[in-house]
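1. A structural model of the following input is requested.
(4 chains)
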There are 2 protein chains.
Amino acid sequence: MTGLIAQWPARWIETGLQGVNEAIGGQQIGKRWTTSNGQCMRLSVAEEFARELVEIETSERLEEALKRTSRFLGFDHFALSLEARTSMEKPPEVLIHDYPEAWANVYINFDLGGMDPVRRACDKSFSGFTWENIEYMIPMTRGDRQMLAVGRECGIGDGYTVPRHLPGTASGTCSFVVRPEVSLPRQWLVVAELVGTMALTCALKISGMAATASTPKLSDRQRECLLWTARGKTASETALILGISTETVIQHLKMARERYEVHCKQSLIVSALFDGLIGYRDVFRWQKYH
Amino acid sequence: MTGLIAQWPARWIETGLQGVNEAIGGQQIGKRWTTSNGQCMRLSVAEEFARELVEIETSERLEEALKRTSRFLGFDHFALSLEARTSMEKPPEVLIHDYPEAWANVYINFDLGGMDPVRRACDKSFSGFTWENIEYMIPMTRGDRQMLAVGRECGIGDGYTVPRHLPGTASGTCSFVVRPEVSLPRQWLVVAELVGTMALTCALKISGMAATASTPKLSDRQRECLLWTARGKTASETALILGISTETVIQHLKMARERYEVHCKQSLIVSALFDGLIGYRDVFRWQKYH
DNA sequence: GCCTGCATCCCCAGTAATTGGTATATCGCA
DNA sequence: TGCGATATACCAATTACTGGGGATGCAGGC
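-> Take a look at the predicted model:
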């Protein structure tokens, strides 16, 4: 339980915010994102992208829209990857990009080794980050730096990556990249954050991993018993907490299993979590207060 | 094992995107967010907030800045919560809000029942969502609706919640709320998405949580036994499947519980799912084939 | 060579869960 | 008013799990 409790230098945290700050940028309003009459149009780009996405059903169309939008934002490449949260070997649900072929090939080898520092940094940030800040987020190994160097030779310079996670369901990243010797379009990073988020939402929809509401399968009392079970309580403990008899708790859980058509509490918990009938926050928050 | 992997109605997925679309909004540019000379200033609000955040080191100052910004965006209340998934009992790392006291008190009681549909919906979306869309994301029980009704009586109307999750590390939400009978400021939701993201990043910095990340690691065999357990198998069934003795399976699960510092298989499964050690895909894909 | 981690196997005592029943009372709704 | 759903409570038999002990062999690192 100990292990790698590294002390992140406070700097990355600041740079995380500064990254957003830079992303927001815009002291000087560039010509490119203002119309002739001086109207700001940065959000309009995200707006237009959002309108497109509502209609998109296939990864091909998402790729096309993302490519066009990333170009407009001033990036040379983009890459979106969405994978089911699993350790088993399976191809990602959605993987679209327009990286140079040389880099795409190299990348697969690096990725198989799990050596991508960008991926690791994704587990550390709520928001998008520029690649130049990765070294303040995670320890960079020699292999990591070598990978980035190889990337530059393949036409991959700096980038901005938007990470998103859904517990138990999926992890996704959406990166916007410029070629070497070119600066990131700072004033557009904030729009990239929005565009990346929307693209990942769309990818989730395409992959079929998006959630939906079903009619609640359980009564409130059944759900309550289930929640305490998920929190690690036994039937008798739950009975004490709810002020009812142990047998009643058992009965509620019995009914709940019948409704979900499962025969054990493990499956019941997994099903209810997946359905959204109980949430991780419901389970873990309570544990804080023991 | 039917019913679990239902065919998601496309509706919520669309509404998810439409939510973003509405958030982007802005067909009609309201007077409120344009300056006298017609300059758009929506992003400027986020920009200003970002500049403040870089300097903020305490939750008190974050609270103050978030309160001011949420008012400016047209919301009546805000709430930010950031929780670590540690095994140690500790209060939430950061919990700041300016909800009416009546609601804060009521909420704690409901919270003990784990009946907040907003928190559950947070496990289902990459981006922020309006509360009116929750019913398309997760099943709503009677208790859920009752909770929202009580909320309205306490001055809590509709809201927009930004969820963020770092696997094995932390979960956070930032909500922006209007009082009943008042509409959400649609054109500002996109800014709320950015402000919420930045506020959560800042909260992460304040809590020092970036420093405490390591998730327990299980051996391959331990994970395999855990996976079959999550699939609803008993120890003896798992033993048959893996071709080892029941006692060995029990031993592996024993070790896994020790590493996660939990004492029952329910908690083990929930923790492993949350950390991404196993995924719903791992569990359900198998069940399709019985 | 020693140590650690891993995987495998075994025993035991106590507790919990599962499956099969039965039985009340209440509440909302048609 | 009667039906169905809900919440409550109980019993009995069987199986599964949990937390203590052990043990062996095998790989990899220092």
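
2. quick one: low-confidence ranges for chain A?
-> The model of chain A has pLDDT under 70 over residues A:1-41, A:85-92, A:109-115, A:216, A:286-290.

3. can you do 80?
-> A:1-45, A:47, A:84-93, A:107-116, A:120, A:137-144, A:208-217, A:285-290 (pLDDT under 80).

4. What angle do helix B:189-207 and the lengthiest helix in it make with each other?
-> Ranked by number of residues, the top helix in chain A under DSSP state H is helix A:189-207. Using axes from the mean of the first three to the mean of the last three C-alpha atoms, to 10 degrees, one finds that helix A:189-207 and helix B:189-207 are set 100 degrees apart in direction.

5. Buried residues, helix A:189-207. List them.
-> Using 16 or more other C-beta atoms under 10 Å in any protein chain shown as the test for burial, helix A:189-207 gives A:189-207. Just so you know, the C-beta spots here come from the backbone N, C-alpha and C atoms, and that holds for glycine as well.

6. Which strand or helix spans the residue most central in space within chain A?
-> Of all residues in chain A, the one closest to the mean position by C-alpha atoms, centre = their mean is A:Arg164, 1.2 Å from it. Per DSSP states H and E: A:Arg164 is located in strand A:159-166.

7. Please compute how far the next helix-or-strand element following that strand lies from its chain's middle.
-> Reading on from strand A:159-166 to the C-terminus, the next helix or strand found by DSSP H and E is strand A:170-177. Remark: strand A:170-177 is offset 7 Å from the chain centroid, using C-alpha atoms, centre = their mean, to the nearest Å.

8. for strand A:170-177, packing partners?
-> Under the contact criterion of 3 or more C-beta pairs under 8 Å, 6 or more residues apart in numbering or on different chains; DSSP states H and E, strand A:170-177 touches helix A:59-73, strand A:77-84, helix A:117-122, strand A:159-166, helix A:189-207.

9. I'd like those as CSV, with distance to DNA strand C appended.
-> Below are the helices and strands packed on strand A:170-177 laid out as CSV (distance: least, C-beta to the nearest atom of the strand, whole Å):
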stretch, distance to DNA strand C
helix A:59-73, 36
strand A:77-84, 23
helix A:117-122, 20
strand A:159-166, 25
helix A:189-207, 31
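
10. mind checking which of the ones you listed is nearest B:Glu261?
-> B:Glu261 lies closest to strand A:159-166 among the helices and strands packed on strand A:170-177, at 22.5 Å (C-beta to C-beta).

11. With just CA atoms, put the closest one into PDB.
-> Taking Å, rounded to 0.1, in the frame of the first residue of the first chain, the C-alpha atoms of strand A:159-166 are listed here in PDB:
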ATOM      1  CA  GLY A 159       0.700  19.000 -28.200                       C
ATOM      2  CA  TYR A 160      -2.300  19.500 -25.900                       C
ATOM      3  CA  THR A 161      -4.100  16.400 -24.600                       C
ATOM      4  CA  VAL A 162      -7.600  16.300 -23.000                       C
ATOM      5  CA  PRO A 163      -8.000  13.300 -20.700                       C
ATOM      6  CA  ARG A 164     -11.300  11.900 -19.500                       C
ATOM      7  CA  HIS A 165     -12.100   8.900 -17.300                       C
ATOM      8  CA  LEU A 166     -15.300   7.100 -16.400                       C
END
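
12. quick one: contacts of that strand?
-> By C-beta atoms under 8 Å, 6 or more residues apart in numbering or on different chains, the surrounding residues in contact with strand A:159-166 are A:23, A:85, A:118, A:121-123, A:125, A:127-131, A:171-178, A:184, A:189, A:192-193, A:196-197, A:200, A:204, A:209, B:123-126, B:165-167, B:276.

13. what's the answer for stretch A:215-224, then?
-> For stretch A:215-224, contacts defined as C-beta under 8 Å, 6+ apart pick out A:226, A:242, A:252-253, A:255-256, A:259-260, A:272, A:275, A:277-278, B:3, B:113-115, B:139-143.

14. and it, anywhere near DNA strand D?
-> Yes - counting by C-beta under 7 Å from any atom of the strand, contacts between stretch A:215-224 and DNA strand D involve A:219-222.

15. Span of that stretch from start to end?
-> 17 Å (C-alpha to C-alpha, to the nearest Å).

16. Please identify the buried residues of that stretch?
-> For stretch A:215-224, by 16+ other C-beta under 10 Å, it's A:216-219, A:221-224.

17. Can you tell me the element the closest residue to A:Ala235 other than its chain neighbours falls in?
-> For A:Ala235, ignoring the flanking residues on the chain, the nearest one in space by C-beta to C-beta, 6 or more residues apart in numbering or on different chains is A:Val249 at 4.6 Å. Using DSSP H and E, A:Val249 sits in helix A:246-260.

18. ok, now how distant is A:Leu53 from B:Gly196?
-> Per C-beta to C-beta, to the nearest Å, A:Leu53 is found 20 Å from B:Gly196.

19. from the middle of its chain, how far away would stretch A:122-135 be?
-> Distance, centroid of stretch A:122-135 to centroid of chain: 12 Å (C-alpha atoms, centre = their mean).

20. Okay, buried residues for it please.
-> Buried-residue list, stretch A:122-135, by 16+ other C-beta under 10 Å: A:122-131, A:133-135.

21. quick one: that stretch near chain B?
-> Yes - counting by C-beta under 8 Å from any C-beta of the partner chain, contacts between stretch A:122-135 and chain B involve A:123-127.

22. Nearest to DNA strand D among these?
-> A:Asp123 (25.2 Å; C-beta to the nearest atom of the strand).

23. follow-up on the earlier one: can you lay out the helices and strands packed on strand A:170-177 as CSV showing distance to A:Glu47?
-> Shown next, in CSV, are the helices and strands packed on strand A:170-177 (distance: least, C-beta to C-beta, whole Å):
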stretch, distance to A:Glu47
helix A:59-73, 11
strand A:77-84, 19
helix A:117-122, 26
strand A:159-166, 18
helix A:189-207, 9
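
24. Of the ones you listed, which is nearest A:Ala102?
-> Going by C-beta to C-beta, the one of these nearest A:Ala102 is strand A:77-84, 12.3 Å.

25. That closest one: partners in the sheet, and parallel or antiparallel?
-> Here strand A:77-84 has these sheet partners by DSSP bridges: strand A:94-97 (antiparallel), strand A:170-177 (antiparallel).

26. Pick the most buried one from these.
-> strand A:170-177 (a mean of 26; mean count of other C-beta atoms under 10 Å in any protein chain shown).

27. Give me the buried entries from the contacts of stretch A:215-224.
-> Buried members of the contacts of stretch A:215-224, scored by 16+ other C-beta under 10 Å, are A:226, A:242, A:252-253, A:256, A:259-260, A:272, A:275, A:277-278, B:113-115, B:139-141, B:143.

28. Inside helices: which ones of the residues you listed?
-> Per DSSP H, those map to helices at A:226, A:242, A:252-253, A:256, A:259-260, A:272, A:275, B:113, B:143.

29. Pull the most distant pair out of these.
-> That would be A:Leu242 and A:Asp275, which, of these, are the farthest apart (C-beta to C-beta) at 21.8 Å.

30. how distant is the longest helix of chain A from the center of its chain?
-> Computed by C-alpha atoms, centre = their mean, the chain-centroid distance of helix A:189-207 equals 10 Å.
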